[in-house]
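**Student:** return a 3D structure for these sequence lines:
(chains A, B, C, D and E, ligands or ions: 4)
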Amino acid sequence: AKKPPSTTGPVEEVIYKFAVFAPITGNYAEYGKGFEVATQMAVDEINGSGGINGAKIELQVFDTKGDPRESADIARRVAEDKSVLAVIGDFTSSNCMANAPILGEAGIVQLSPTASHTDYAGMNEYMFSIMGRQDGEAPFFSSYLLQKYKGAKDVAVIHINNDWGKSAFDNFSRQAKIDGLNVVAAENFVEGERDFNSLLTKVRAQNPDTVALIMHANDVALVANQIAQMGWDVDITALGPGTSMQIIELAGKNVEGLLLSTPFFITEENEQAWATEFKKRANFQPTVHPACAYDTVYLLKAAIENISGEVTRDGIRENLQNLKGFVGLTGPIEFNPAGDITRSYLVMEIVDGAFVQRTDFDYAKK
Amino acid sequence: MGEVILEAKEICKYFGGLKAVEQVNMQVEKNDIFGIIGPNGAGKTTFFNVCSGMYSPTSGDILYKGESIINKRPEEIAKKGIARTFQNIQLFRNMTVLNNVKIGFHIRTNASIFDAIFRNKKYKLDEELVTQEGLEILKKVGLYEYKDTLAGNLAYGIQRRVEIARALALNPELILLDEPAAGMNPSETQGLMKFIQDLNKEGYTIMVIEHDMKFIMSMSNKVLVLNFGQKISEGTPEYVKQDEKVITAYFGRGFDKEAEAKC
Amino acid sequence: MIENVHRKIKAFYERHSIKVNIILILISILLPYIINSNYIVGILCRVLMYSVLAGSLNIINGYSGQFNIGHAGFFCIGAYTEAVLATRYGWNFWLLLLIAGIFTSLVGFLISLPTLRLRGIYLAIVTLGFSEIIRIIALNWTSVTGGPMGVKGIPSPIFLGIRISGSSRYYYIFLALAILFIFITNRVITSRIGRAWISIREDELAAKSLGVESSFYKSINFMYGAFWAGVMGAAYAPYYKFIASDMFTLDEGFNILSMVIIGGQGTLVGPFVGSLIVNIITEVFRFAAQYRMVVYAILIITMMWLRPQGLVGAYDSILAGNRARRKLKRKPVKVGDK
Amino acid sequence: MDNYYIMQIINGLAQGSIYALMAIGYSVVVGVVGLVTFTHGEVIMLGAYAAYYTFTFIGENIVLGMLASFLAAWLVGVVVYKICYEKFFDSPRHIPLICTIGLSMLLKNLAQIIFGPNMKAMPQPINLKFYNISGVRINTIQILIFATVLVLSLGLYILNNKTRWGIQLRAVSQDRKAAALMGINVNRTTLIGNSIGCSLGGVAGMLLSIYYQSLVPTMGGILGLKAFSSSVLGGLTEAPASALGGVLIGLTENLGISVLSNSYRDVFAFVFLVLVLTIRPQGFSRKVVGRP
Amino acid sequence: MLKVIDLSVQYGYINALNSISFNVNKGEIITLIGGNGAGKTTTLMAISNVVQKYSGNVYFKEMNITDFQSHEIVHLGISHVPEGRKIFPALTVKENLIAGTFGNKRIRKNELNNKLEEVYTLFPRLRERINQGGGTLSGGEQQMLAIARGLMMDPDLIMLDEPSLGLAPIIIEEIFELILRIKKSGKTVLLIEQNAAMALQIADRGYVLERGKVLIEGTGTELIKDERVRKAYLGI
Ligand SMILES: Nc1ncnc2c1ncn2[C@@H]1O[C@H](COP(=O)(O)OP(=O)(O)OP(=O)(O)O)[C@@H](O)[C@H]1O
Ligand SMILES: Nc1ncnc2c1ncn2[C@@H]1O[C@H](COP(=O)(O)OP(=O)(O)OP(=O)(O)O)[C@@H](O)[C@H]1O
Ligand SMILES: [Mg+2]
Ligand SMILES: [Mg+2]
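**Tutor:** Ligands and ions are numbered 1, 2, ... in the order given. Predicted coordinates for the structure are as follows:
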């Protein structure tokens, strides 16, 4: 079943080419950089240890600037370039969704490490995501982290006003209502905001016992800092940043005791090594996003290895969809018929400037 | 006694505490060449600015053909038939001379944006008028050779003539000229005088501010003298020339005349 | 060098304008068949789209001398008008082109009101502010615009029973609009309206004294520019099938602006050339990844240094500043004359 | 509830003074060069990074940091001048404007490449002390910012209106040819004036990064825009009026947020700006130049 | 004192000055006359290096100042009162006058107040307008300000471009008297005037320019008597 592809050249010259769509420049540049570094790491490892059945992988990185139009234009280009077998990316759900019709028509897989919009993967059969959907994590955050673990009563929610933040917030609110959480304030802000003082003053006036932040790591840190600066003593929880070291680096003791949910946490030896290697290459600590990006390369590798015969775009799609028993850096991954996965989540707490997994709670079993 | 075309009643214009024009009354009759003189800062230009709608007066009224024109916008006043030139030349510097004049035809044409898009008859008639008459005016003013030169590149004296040509394109009844001869040498000034007199013969009424006494005295049939915003004298050139107040405030001892006499 | 080529092209065009136009139109119609690559036709679509956007901005900045740096706002309004009305109420695309245009030009009128008294940079900041306001409203007015989720699944237009989707078909919509734009705009700017705009650009006070109602013409000018930006927005939404507020940021406005200036402000073809150059360059430098924007930035600055009047702008244009004159080399100083 | 609005006003003042701080440098640049700039945000960002690297590699000393950001921004000012202005004084204004847009893009992207795209934590060189004055919390850095704004506004006002140097700067920005005929070295004057404005921006960058405890290469964009808006409100060239403009924008934004959503922040700012300009086309400045 | 040799200036493709030469001796009043567009203004601008010279040399006090920058030329003691006044519209009258002293360190440092007094006595109008913005002055007031500003730096050579433009006859008289006084104090004057009769009367020598060339040159009285000059420029 493991035949090299039917190219005429000698075996050594066989190359599998994947396109990486990432916001290399613009406001999301740090995530784009993470994508670029993590995927290249995976490729270097694979190529270093003999490639896929002897064939090497090559990545072609495209800068989408976080702009759906750029992304769509590139998608059009890649769709025509028959040498590209699959697309890894894009970062935001909006971009992925803008690409979906184009890539779907061209019959090429778009495997996004991070898109979590509930509609995305179902848009057509070529769309995949491994982040786990918002309707997975947000309810977990509400039911388990806030209600059961934390025992929160009056919650104030602050979310970032972008496609991800909004859908996470919607999913969260729905569950919070069911769970009977009392959402006393719901505020949002636009990407790039730095001054949260008046927003926080407003939230504080509602006297919540817990603040739930649905936003990226940077923003969590900024908010936590400004909460501390206000002299406000309130419990903070976060959905979205994952176990990003950024939070601790930026906010230090102001985030002591912060609770957050994450699909992934670096614990074991080899994963530590991965994190060290990543830090070396990227110059910053990895989060869940590059970890997922890293996994996508191995997913594609596994799918190709399962192909019997010529490696085609369609072959990759089929084998990705049917892939069983894959365990990546971020845990086991198996696609449901829509093309995304159901993840299980962990509750983490920041204790003495480090993430500690809360095992004193039986959240895994519903 | 001809028909009064422009009449100012008790016009005042103050800038803060500064009384630039104070209680000025005057009448311009049809077909007059009406001169305004006075020391620097006497309020002559300000008075023009009030007449042409650039400023609204602090108090007083201006009647054009019996109709009050104060608080009207400059555009409206231009439409009523008053054209002007500026003391500090204000040409469309990056347009050719011909195009400068074409703008002058604006109020005489009325094609709308849709006429322009469909190039219908109205548009064509307009364009014909503008091009033909535009060239005619240039010939008349003696600027035909400059028609394709950018106005801003012309020498100072010639720019003044372009301004007059542009004002003529409005086909106005009353033309306000603010120091038209400034920057011209005596022989050029003579040419200009002849030109203005010709215009006057064609039926244009002209109000002119000048510091060149030969110009004012030999052309105008009525002269108004302002000093510190106030009218200090008014009448025929001969009368004004002899007015003691005017002599002390304005003419001085006549270095000018001496100089002329010598050559 | 460029000057001679430029002059020759112009002279040639003036002599054979009808023939040249017909040939150009024929070539543009046949182009997708000649090229036969969806990808390249996609780029051409973008070139045409930005040409009209830049062209409509040029009407405002280049002809009436107003300074709009928030053109993305008009674009945004047009796009959302089409997207919302087409997806929610199923209105006809062709009708919506017109409706979006008219609606955008009405907004243009509104924006022109406070700006009538403002000039130069004061006007610029107001347009910039409006552009941001429009974008932020699109981002927050979730019930209508879908908020941060944008509008998805915008239906493709149908023409004579054919569904127009994908670059190679959509190309003709953009082409038709571009031709229409050039044709109509050319007629407008050579009329008394165009002259009035230019006179306001040159000297508003003098224009007023000649009876040009400057407020009226400035408003008309804004409306005309906004109209085309709105039409293009409406044409654009179904092309990408998905729109979101972050497609219409200030950077987008700057992008359009730089096309106008690189091509040549105040000329009719300038924006087309600008759009062509900028889109091709950004495409060619895609491989440069994170350096791409660096390259683009350097390109803009270099253009300003070498040809501030734009590629199409005339050598003796005032936009060329004194640089043209400086180019005439001074003879070496003779010594020993004393 | 009263207390709530007082708190929001304090928030507005605090943020407004940050805008004011940036607007002061901006108004100096515009006042001297006579042209607006879109690079100011990047200058602010680079000033902040200069201080950041000084703090991490040399020592957490505020004076040292200030010096570093001042010098770095000065250098950037020279670059801006050479690239965007020097050649274009005779050209129409949109050309240098586009140059500054291009340069801003260049600096931002280079910064992302060189400094890394992610947010960094700004070291805190001064001990943050909080003072509680009858319920109003104010901290050391805020006091520092307030003081800087006051001193600079006053100082620049005096410099601009009461000294020969000020006359020289204003003469140059109004008419370069005439200024040269007065014997003023116009190029050097604009170069220095521009660099001073940029340096003030650089120091502002340091202070606000300390205030927000973080810095990131993309921070310039919106900051530059706010500096721009503030000084437009102040009539573009007058430092005290620009500072006032900044404070008012800060207030408007924060009061707006206290009633509506935070996402509308920039809408509040711009609506306020448009309203003011509609009523007073010169913003808060007094000057009316020229006449028909 | 000032020597212009073979000076040519081009605007794009237009030849504005075509190899003109002339000189100005210390203590003289020299006048350039000529019709509109003859190139008079261009000559002064080229001397001050406000427009680029195409060829030729300019010497001042035995120094080749051809390639000096405008402000350096001013510091050598040449004051240029430009055509069109070019006052700073947003500076007050007093500030405009102070700006006039930047070309001379001595005045700027020590004699500012004396100098201000001096020009105020010359133009009492300016004293009344001391704090008014330059841009709102009347045309003639602006002209007075421009001349006064040119005098502030106490130059060795003053170049006046149509100083009488837009001034009332009574002031014109004073201006011409002033020019004579300047000469008496040992300074040198290069004067452009449309009022050729008056200019030639006070001038030591004059040059007649036409189409960018020197057509005739001679002493003031010679030129006044010259038939061509009388016809073309004096309007007699
Ligand atoms: N910026 C410019 N660009 C092109 N041509 C110019 C420019 N400035 C002046 N010229 C031309 O140069 C020639 C000389 O002009 P200049 O202003 O020196 O004349 P002048 O003798 O001072 O005339 P006037 O008495 O009217 O002031 C004129 O033909 C004029 O058209
Ligand atoms: N906008 C303004 N603000 C303040 N003062 C003004 C304004 N406009 C004019 N003035 C003043 O009003 C007075 C009259 O000015 P005006 O321009 O009418 O004089 P003028 O008679 O035309 O003088 P000139 O012969 O010198 O042109 C002047 O003293 C001038 O300083
Ligand atoms: Mg006057
Ligand atoms: Mg001249």
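**Student:** so which residues of the stretch 51-200 of chain C form strands?
**Tutor:** For the stretch 51-200 of chain C, applying DSSP state E, counting those that start in this stretch gives strands covering C:158-159, C:162-163.
**Student:** ignore the last one, the stretch 101-250 of chain B
**Tutor:** Under DSSP E, counting those that start in this stretch, the stretch 101-250 of chain B gives strands at B:174-178, B:205-209, B:222-227, B:230-235.
**Student:** which of the strands of the stretch 51-200 of chain C sits most buried?
**Tutor:** Compared across these, strand C:158-159 shows the largest average neighbour count, a mean of 13 (mean count of other Cβ atoms under 10 Å in any protein chain shown). The way it works is simple: take the backbone N, C-alpha and C, and place the C-beta from them, glycine included.
**Student:** how about the strands of the stretch 1-150 of chain D, start to end?
**Tutor:** In the stretch 1-150 of chain D, the strands defined using DSSP E, counting those that start in this stretch lie at D:120-121, D:130-133, D:136-139.
**Student:** tell me which of those strands sits nearest to chain B.
**Tutor:** Chain B sits nearest to strand D:136-139 of all the strands of the stretch 1-150 of chain D, at 42.3 Å, using Cβ to the nearest Cβ.
**Student:** among the strands of the stretch 101-250 of chain B, which comes closest to residue D:281?
**Tutor:** strand B:174-178 (26.1 Å; Cβ to Cβ).
**Student:** helices and strands around that closest one, which ones?
**Tutor:** Counting contacts by 3 or more Cβ pairs under 8 Å, 6 or more residues apart in numbering or on different chains; DSSP states H and E, strand B:174-178 packs against helix B:44-51, strand B:82-84, helix B:156-168, strand B:205-209.
**Student:** check whether the longest one comes near ligand 1.
**Tutor:** Yes: if you take Cβ under 6 Å from any ligand atom as the test, helix B:156-168 does meet ligand 1, through B:156, B:157.
**Student:** before we move on, back to that, mean pLDDT added to the strands of the stretch 101-250 of chain B, as a markdown table?
**Tutor:** Shown next, in a markdown table, are these (pLDDT from 0 to 100):
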| stretch | mean pLDDT |
| --- | --- |
| strand B:174-178 | 93 |
| strand B:205-209 | 94 |
| strand B:222-227 | 93 |
| strand B:230-235 | 91 |
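**Student:** now find how far off-centre stretch D:189-203 is within its chain.
**Tutor:** Counting by Cα atoms, centre = their mean, to the nearest Å, stretch D:189-203 is centred 11 Å from the centre of its parent chain.
**Student:** repeat that for stretch C:197-208.
**Tutor:** Using Cα atoms, centre = their mean, the offset of stretch C:197-208 from its chain centre is 23 Å.
**Student:** show me which residues of it are buried.
**Tutor:** Under the neighbour-count criterion of 16 or more other Cβ atoms under 10 Å in any protein chain shown, stretch C:197-208 has C:197, C:198, C:199, C:200, C:201, C:202, C:203, C:204, C:206, C:207, C:208 buried.
**Student:** quick one: which of those residues sit in helices?
**Tutor:** C:197, C:198, C:199, C:200, C:201, C:202, C:204, C:206, C:207, C:208 (DSSP state H).
**Student:** which helices and strands does the host helix or strand of residue D:253 pack with?
**Tutor:** For residue D:253, the host element (DSSP states H and E) is helix D:239-259. Applying 3+ Cβ pairs under 8 Å, 6+ apart, one finds that helix D:239-259 contacts helix A:197-204, helix D:2-33, helix D:140-162, helix D:220-233, helix D:265-279.
**Student:** could you report the neighbour count for the nearest residue in space to residue E:188 that is not next to it in sequence?
**Tutor:** Spatially, and ignoring its direct neighbours in sequence, residue E:188 is nearest to residue E:157 (4.5 Å; Cβ to Cβ, 6 or more residues apart in numbering or on different chains). Neighbour count for residue E:157, taken as other Cβ atoms under 10 Å in any protein chain shown: 22.
**Student:** alright, that wraps it up for me.
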